[in-house]
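A.B. asks: Provide a 3D model corresponding to the input given below.
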Amino acid sequence: MNIKSSKELVDKALKEIKTLEPREVKELEKKNQCTLIDIRDIRELWREGTIKGALHIPRGMLEFWMDPLSQYYNPSKFSDEKKLILFCAAGMRSALATKTLKDMGYENIAHVNGGFGSLANEGFQVVTKEKK
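C.D. replies: Numbers count the residues shown, from 1 in each chain. Predicted coordinates:
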């Protein structure tokens, strides 16, 4: 059996997607040209918070929430004009998720190098996520 490692999958994805540095994301946000999407698990958001204004689309539901033919699709959450920028904790899950969206046909997409921590370090406002 020839199983590829998660590192191999991430490395392959990184060759096919756009990676933005946190400062680049900050510039896009200042110009209202992007929508941030936090794909981390809800327990991570409860523990560490999230970036103010970011949409939460859990990684496990991403394909369904982003599929126009799915019952979970909600186009009011994002627009075609804005770049969709995905982030996770460190940048590996978001690389895979961005590659998946690219495979689905999304073009104006990217992910953040360094994930949530790098955004927080760049000065993005972190807000708490309350349990409901």
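A.B. asks: ok, and the closest residue to Gly123 other than its chain neighbours, which helix or strand is that part of?
C.D. replies: If you skip the residues right next to it in sequence, Gly123 has Lys26 as its closest partner in space, 7.1 Å away by CB to CB, 6 or more residues apart in numbering. Just so you know, the C-beta spots here come from the backbone N, C-alpha and C atoms, and that holds for glycine as well. Of the helices and strands defined by DSSP states H and E, Lys26 is found in helix 22-30.
A.B. asks: Point to the residue nearest the middle of the chain.
C.D. replies: Within the chain, one residue has its C-alpha closest to the average C-alpha position: by CA atoms, centre = their mean, that is Leu86, at 1.5 Å.
A.B. asks: Look up the residues forming beta bridges with it.
C.D. replies: For Leu86, the beta-bridge partners are Ile37, His111 (DSSP bridges).
A.B. asks: My read is that it contacts Cys34, right?
C.D. replies: No. Applying CB atoms under 8 Å, one finds Leu86 not in contact with Cys34, separated by 10.6 Å.
A.B. asks: need the helices for the protein, in chain order.
C.D. replies: Along the chain, the segments classed as helices by DSSP state H run 6-16, 22-30, 42-48, 62-65, 92-104, 115-121.
A.B. asks: what packs against the longest one?
C.D. replies: Read that as helix 92-104. Applying 3 or more CB pairs under 8 Å, 6 or more residues apart in numbering; DSSP states H and E, one finds that helix 92-104 makes contact with helix 6-16, helix 62-65, strand 83-87, strand 109-112.
A.B. asks: neighbours around the residue nearest to Gly123, how many?
C.D. replies: If you count neighbours by other CB atoms under 10 Å, Lys26 ends up with 16.
A.B. asks: rewinding a little: tell me the most buried of the helices of the chain?
C.D. replies: Ranked by average neighbour count under the criterion mean count of other CB atoms under 10 Å, the helices of the chain are headed by helix 92-104 at a mean of 21.
A.B. asks: Quick check: the nearest residue to Val126 once chain neighbours are set aside vs Ala120, distance?
C.D. replies: Nearest non-adjacent residue to Val126, counting by CB to CB, 6+ apart: Gly49, 4.4 Å away. Gly49 sits 8 Å away from Ala120, going by CB to CB, to the nearest Å.
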